[in-house]
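Asker: Build me a structure from this.
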Amino acid sequence: MTEVLEQTAYRVKAGEIFGQQRRPVGVEPVKRVLLLHGWQDNSNSYVNLIPLLPKNWWIVAIDWPGHGHSSPRGPGAAYHITDWLVDLREVVNVLQWQKFTLIGHSMGAGVALMYGALFPEEVEAVVALDVIKQLSEPAGTTHKVLRNAIMTLADHNQKTVAPQKPEIMSKNQVEQWWHGQSKAFMNEQSAAKILERGMRQNSGTTADEHLINRDSRLTFPPLFRMHLDQHRNVLKELKCDLLIIKAAGAQNYESPEVEKEFKDMYQKNCSHFAYIVVDGLHHVHLDRPETVAPVIVDFLEHRPIKNSH
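Answerer: Predicted structure coming up:
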């Protein structure tokens, strides 16, 4: 079951960040919750989960810049992992929230963990879906990765000095492309949900001409990625309540040694910490929200809950 959510827009320095929200009517919310989607997704990542969360929570799900309905970065710009933190900070400032909870999936979970460590006076709790931390730059790869990233972006910028014709496809072609890209991460119904906000009609025509609602620069190699020691230095300052939900059917993004190190650090430093494994793929919160929602609600409203491994 999905709900009709209120469409929102937040004016920030780089343009507009769009989103969807459900706000309690006539009562003060008992909890304010920001939902942060993963790389190349959009806020529809949470449309199946939101109806299962308490009605007295004020819930806002945003589209990151370059995703969904939000503005892309400006001409010549790149997407840096640290920029998402600035985007989140600006949305929080517009909302004027003093205390809130962050629920993030994949890339969004990595951002939530970092933000909670950097701004502990604001973040009451973090829920990280299928991520232990942001991906770190592998040791010894900086020269190769940076060279490739610079060449890719510079080549793109050179090609876009003159306006480029966007890639236009039929709706069926877009759907087939997207399902092929996403089948390892979510089921077909979930992919369709993401695509509802991730595809748009070509403006000025009623023909079957559609475009992907996503900045192609998101697929470029990163100009900057933090090293493991930098993640250690920042995330040791995460002190709020933390719940990590791991999807059993998803790939592991960290080595067993790194995963154990950060789980041990969270256990030591966070006010409450729980690590729960549930059956499902990487987008388990979208595929099987009835499995994920009770765990989130139980932790955020009652904690602690029993760990699983």
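
Asker: which residues touch His272?
Answerer: His272 sits next to 241-242, 299, 303-304 when contact means CB atoms under 8 Å, 6 or more residues apart in numbering. Every residue, glycine included, has its C-beta placed from N, CA and C.

Asker: That should have said Ile103, apologies.
Answerer: Neighbouring residues of Ile103 by CB under 8 Å, 6+ apart: 33-36, 46, 112, 126-127, 129, 296.

Asker: And the residues you listed, which two are furthest apart?
Answerer: Farthest-apart pair in those is Tyr46 and Val126; separation 15.5 Å (CB to CB).

Asker: Which one of those two is surrounded by more residues?
Answerer: When Tyr46 and Val126 are compared for neighbours, Tyr46 comes out ahead with 29 against 24, by other CB atoms under 10 Å.

Asker: Strands - which of the contacts of Ile103 land there?
Answerer: 33-36, 126-127, 129 (DSSP state E).

Asker: residue ranges with poor pLDDT in the stretch 101-250 of the chain?
Answerer: For the stretch 101-250 of the chain, the stretches flagged by pLDDT under 70 are 160-168, 204, 206.

Asker: List the buried residues in stretch 286-295.
Answerer: Buried residues in stretch 286-295, counted by 16 or more other CB atoms under 10 Å: 286-289, 292-293, 295.

Asker: For this structure, which segments count as strands?
Answerer: In the chain, the segments counted as strands under DSSP E are 6-12, 15-22, 31-36, 57-62, 100-105, 123-129, 199-201, 210-212, 241-247, 273-278.

Asker: so which of the ones you listed gets nearest Asp264?
Answerer: Across the strands of the chain, closest to Asp264 is strand 273-278 (CB to CB), at 9.8 Å.

Asker: could you dump the closest one to PDB, C-alpha only?
Answerer: Listed next in PDB are the C-alpha coordinates belonging to strand 273-278 (Å, rounded to 0.1, in the frame of the first residue of the first chain):
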ATOM      1  CA  PHE A 273      23.700   0.200  18.700                       C
ATOM      2  CA  ALA A 274      22.000  -2.700  17.000                       C
ATOM      3  CA  TYR A 275      22.900  -4.700  13.900                       C
ATOM      4  CA  ILE A 276      20.100  -6.700  12.400                       C
ATOM      5  CA  VAL A 277      20.200  -9.000   9.400                       C
ATOM      6  CA  VAL A 278      17.000  -9.500   7.300                       C
END
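
Asker: Renumber starting at 732 from here on
Answerer: All set: I'll call the first residue 732, so the last point we hit is now strand 1004-1009.

Asker: ok, now which ones touch the closest residue to His768 other than its chain neighbours?
Answerer: The shortest distance from His768 to any non-neighbouring residue, by CB to CB, 6 or more residues apart in numbering, is to Ser776 (4.1 Å). Going by CB under 8 Å, 6+ apart, Ser776 touches 766, 768-769, 792, 836, 924-925, 1014, 1016-1017.

Asker: rewinding a little: okay, the strands of the chain in CSV with distance to Gln907 next?
Answerer: Conversion of the strands of the chain to CSV gives the following (distance: least, CB to CB, whole Å):
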stretch, distance to Gln907
strand 737-743, 28
strand 746-753, 26
strand 762-767, 28
strand 788-793, 27
strand 831-836, 24
strand 854-860, 27
strand 930-932, 12
strand 941-943, 12
strand 972-978, 25
strand 1004-1009, 30
